[in-house]
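*Asks:* Here you go, sequence then predicted model.
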Amino acid sequence: MIVRTRIAPSPTGKDVHVGSISTGLMNYAWAKKNGGQFIIRIEDTDQSRIVPGGEKKMLETLDAIGLKADESPKVGGPFAPYRQSERLDIYKKYALELIAKGKAYYCTCPPERLDSMRKQQQAEKKMPKYDRQCFHNQAEIKKQVEAGASHVIRLLMPEKEIVFHDLIRGTITVQSNTLDDQVLLKSDGFPTYHLGVVVDDHLMEISHIIRGEEWLPSTPKHIILFEAFGWKIPEFAHVSLLRNPDKSKLSKRKNPVWTSEYLEKGILKEALLNYLALMGWSHPDGKEIFSLEEYVKVFDLKDVQTTAPVFDPVKLEWMNGEYIRNLKFEILNLKIQEYIGGDYDKKIIEKTIPLVRERLKKLSDYLPLCSFIFHAPATFEVDMGTYKDLLKNISDTLSTVSDWKALTVGEAMGDLAKKLEMKNSEFFMVLRVAITGKKISPPLNESMELLGKEECLRRINNTFLASVGPSQL
RNA sequence: GGUCCCAUCGUCUAGUGGCCUAGGACAUCUGGUUUUCAGCCAGAGAAUCUGGGGUUCGAAUCCCCAUGGGAUCACCA
């Protein structure tokens, strides 16, 4: 069997949800591990909810993160089109086929009737379910439809027990009488999700449907549909949903959910993927850091956990820090240049890398840490006014340093501190703030070497005048 | 409410009947390195394996019930 998997995002958000990346990753890995194909299909059948630009952004993000599709709206493929809105004829044809087979029927009930019926059923604490009024009048309804009445096509849910095997959750049994006569084709001619997935997954020869847990309750409907068409039923694997700390499903109110938000913060795609891989699955050797290639090799659906994991941004950042520290010098240099944009001297950026690479958890940490290199500080976290004499002393000593290197500067300053009988911690704190404006900074001596003698002296001398800022210490 | 799914340190997890007086990682705390922060190194605390019944010589692991959490019940996906 050729393994073909897919993700089927719908462009109802402005970008790909990290949860989709999580299941996408498993789909990708499963296909690649088995030498199969990974497909992206856009499910844009709800016209009212489409977010302009959403699809484009999604496809871009998927590309950026490295989940390369073998077939998609972008790259095409043997089963094109891969966008459901371009496949309307297909769904209609199959919906009609079901009618012909007596497994579906026309329904002309107006939304108002369905609404009030549902409300009443809910009030009676019964399961909301269509009452089949149109089914019982099918001959009459058919005439209305032929005369052009607005209508939908509903599945005639057979009475039976549905048993299926989920690759992650095992055997699941559902009684079909708890299921509604699902609408398959909407009055606007678009299919509902249920018709769309089943038809496309069959036509596109998807072998494994790996998707979020939220689809578990509707899987029996899909199975009924596959059976109604007489099609082979694919394998199912339902993955647990990512959660907020309060265990509700990951939502933008409580967490960034759009994938590009993480990328824009300077989370490396490798780190994001690695972290997501660890949600509901663990490496057989207990490894925490591993590449996509390795993941593909060792991933197995049967090892996926059923418990829903809480998404922990703190651990993600730790992992991102690990990735940053393990990056080759030139690569990190490039990534930082790319991240902060063209307004900064590349030569200088390059020199700052060794000073900051261990201090970065994400690329966005760079500028807050290093901006003092590019611009003299305007504010000081310690009141420089109280250290006038000391600063003068420092300035005088520094101007005698001829070979301006981190080592020599450090020695000169260490000697001065000793001579003044000051504790290193206090002495260097004053100097640090004078140079960087902050009490926390990259290594001082190295920073001073980078800045150069002239600039350092200028900054120290200037603090005599502009000694402002939140005074603490 | 009906249906379905789930349940090990704060969090991610290992664990598939004896190796578990439950292991690792993040986070937390302590100490070391030190001119700040970070990093690195060493160490600590942290789970009566949700509860109760079974099965078994033996259960975190199997079964049942309870409880808790979640998902889902649209002409949304």
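*Replies:* That came through, no problem.
*Asks:* ok, now which ones touch A:Y275?
*Replies:* When contacts are counted by Cβ atoms under 8 Å, 6 or more residues apart in numbering, A:Y275 touches A:315-316, A:319-320. (C-beta placed from N, C-alpha, C; glycine too.)
*Asks:* Can you tell me which of the residues you listed is closest to A:D415?
*Replies:* Checking these against A:D415 by Cβ to Cβ gives A:N320 as the nearest, at 40.4 Å.
*Asks:* Next, the closest one: secondary structure please.
*Replies:* Classification of A:N320 using DSSP: H, G, I helix; E, B strand; the rest coil returns helix.
*Asks:* State the distance from the residue nearest to it when sequence neighbours are not counted to A:T178.
*Replies:* Closest residue to A:N320 apart from its sequence neighbours, by Cβ to Cβ, 6 or more residues apart in numbering: A:A271 at 4.1 Å. Here the criterion is Cβ to Cβ, to the nearest Å. By it, A:A271 lies 43 Å from A:T178.
*Asks:* Also A:D46?
*Replies:* For A:D46, the distance to A:T178 - Cβ to Cβ - is 25 Å.
*Asks:* returning to that earlier point: and the host helix or strand of the residue nearest to A:N320 with RNA strand B, contact?
*Replies:* Per DSSP states H and E, A:A271 falls inside helix A:269-277. No. Residues of helix A:269-277 are not located near RNA strand B by Cβ under 7 Å from any atom of the strand, the shortest gap being 8.3 Å.
*Asks:* Toward the C-terminus, what is the element adjacent to that helix?
*Replies:* By DSSP H and E, the next helix or strand past helix A:269-277 is helix A:292-298.
*Asks:* quick one, strands of the stretch 151-300 of chain A?
*Replies:* Counting by DSSP state E, counting those that start in this stretch, one finds strands in the stretch 151-300 of chain A at the ranges A:152-155, A:161-166, A:170-175, A:183-185, A:208-212, A:235-239.
*Asks:* how about those, which one is nearest RNA strand B?
*Replies:* strand A:183-185 (3.4 Å; Cβ to the nearest atom of the strand).
*Asks:* just checking, what packs against that closest one?
*Replies:* With contacts taken as 3 or more Cβ pairs under 8 Å, 6 or more residues apart in numbering; DSSP states H and E, strand A:183-185 sits against helix A:88-100, strand A:152-155, helix A:193-203.
*Asks:* Output the lengthiest helix in chain A as CSV, nothing but the C-alphas.
*Replies:* Longest helix in chain A by number of residues (criterion: DSSP state H): helix A:18-33. C-alpha atoms of helix A:18-33 as CSV (Å, rounded to 0.1, in the frame of the first residue of the first chain):
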residue,chain,number,x,y,z
VAL,A,18,0.3,25.6,15.6
GLY,A,19,-2.0,22.7,16.2
SER,A,20,-2.2,22.2,12.5
ILE,A,21,1.6,22.2,12.3
SER,A,22,1.6,19.6,15.0
THR,A,23,-0.7,17.2,13.2
GLY,A,24,0.8,18.2,9.9
LEU,A,25,4.2,17.1,11.2
MET,A,26,2.9,13.6,12.0
ASN,A,27,1.2,13.4,8.6
TYR,A,28,4.4,14.4,7.0
ALA,A,29,6.6,12.0,9.0
TRP,A,30,4.2,9.1,8.4
ALA,A,31,4.2,9.6,4.7
LYS,A,32,7.9,10.2,4.4
LYS,A,33,8.8,7.3,6.7
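*Asks:* so what does that helix touch, helix or strand wise?
*Replies:* strand A:4-7, strand A:37-40, strand A:208-212, strand A:235-239, helix A:259-264, helix A:269-277, helix A:292-298.
*Asks:* now do 6 Å
*Replies:* strand A:4-7, strand A:37-40, strand A:208-212, helix A:269-277, helix A:292-298 (3 or more Cβ pairs under 6 Å, 6 or more residues apart in numbering; DSSP states H and E).
*Asks:* Now tabulate these in JSON lines and tack on mean pLDDT and distance to A:F236.
*Replies:* JSON lines is the format used below for the helices and strands packed on helix A:18-33 (pLDDT from 0 to 100; distance: least, Cβ to Cβ, whole Å):
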{"stretch": "strand A:4-7", "mean pLDDT": "98", "distance to A:F236": "12"}
{"stretch": "strand A:37-40", "mean pLDDT": "98", "distance to A:F236": "16"}
{"stretch": "strand A:208-212", "mean pLDDT": "97", "distance to A:F236": "5"}
{"stretch": "helix A:269-277", "mean pLDDT": "98", "distance to A:F236": "21"}
{"stretch": "helix A:292-298", "mean pLDDT": "97", "distance to A:F236": "21"}
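*Asks:* Need the winner for burial among these.
*Replies:* Of the helices and strands packed on helix A:18-33, the one with the most neighbours on average (mean count of other Cβ atoms under 10 Å) is strand A:4-7, at a mean of 26.
*Asks:* what are the pairing partners of that one, and which direction each?
*Replies:* strand A:37-40 (parallel) (DSSP bridges).
*Asks:* Can the strand it pairs with be said to contact RNA strand B?
*Replies:* No. Contact of strand A:37-40 with RNA strand B is not found when judged by Cβ under 7 Å from any atom of the strand; the minimum separation is 12.7 Å.
*Asks:* With only the CA atoms kept, save the helix or strand just after that strand in PDB.
*Replies:* Where DSSP H and E defines the elements, the next helix or strand beyond strand A:37-40 is helix A:54-65. Extracted as PDB, the C-alpha positions of helix A:54-65 are listed here (Å, rounded to 0.1, in the frame of the first residue of the first chain):
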ATOM      1  CA  GLY A  54      -5.500  33.400   4.700                       C
ATOM      2  CA  GLU A  55      -4.800  30.700   2.300                       C
ATOM      3  CA  LYS A  56      -1.800  32.400   0.800                       C
ATOM      4  CA  LYS A  57      -0.300  33.000   4.200                       C
ATOM      5  CA  MET A  58      -1.000  29.400   5.300                       C
ATOM      6  CA  LEU A  59       0.800  28.000   2.300                       C
ATOM      7  CA  GLU A  60       3.700  30.400   2.800                       C
ATOM      8  CA  THR A  61       4.000  29.500   6.500                       C
ATOM      9  CA  LEU A  62       3.900  25.800   5.700                       C
ATOM     10  CA  ASP A  63       6.700  26.300   3.200                       C
ATOM     11  CA  ALA A  64       8.700  28.400   5.600                       C
ATOM     12  CA  ILE A  65       8.400  25.800   8.300                       C
END
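*Asks:* tell me which parts of the stretch 301-450 of chain A are close to RNA strand B?
*Replies:* A:303, A:305-310, A:312, A:314-315, A:318, A:321-322, A:325, A:358-359, A:410, A:413-414, A:424-425, A:428-429, A:432, A:439-445.
*Asks:* Pull out the buried members of the residues you listed.
*Replies:* A:308-309, A:321-322, A:359, A:410, A:413, A:428-429, A:432, A:441-445 (16 or more other Cβ atoms under 10 Å).
*Asks:* List the ones among those that fall in helices.
*Replies:* Those of those lying in helices (DSSP H): A:321-322, A:410, A:413, A:428-429, A:432, A:444-445.
*Asks:* which one among these gets closest to A:S364?
*Replies:* The nearest one, if we look at those relative to A:S364 and count by Cβ to Cβ, is A:G321, at 12.4 Å.
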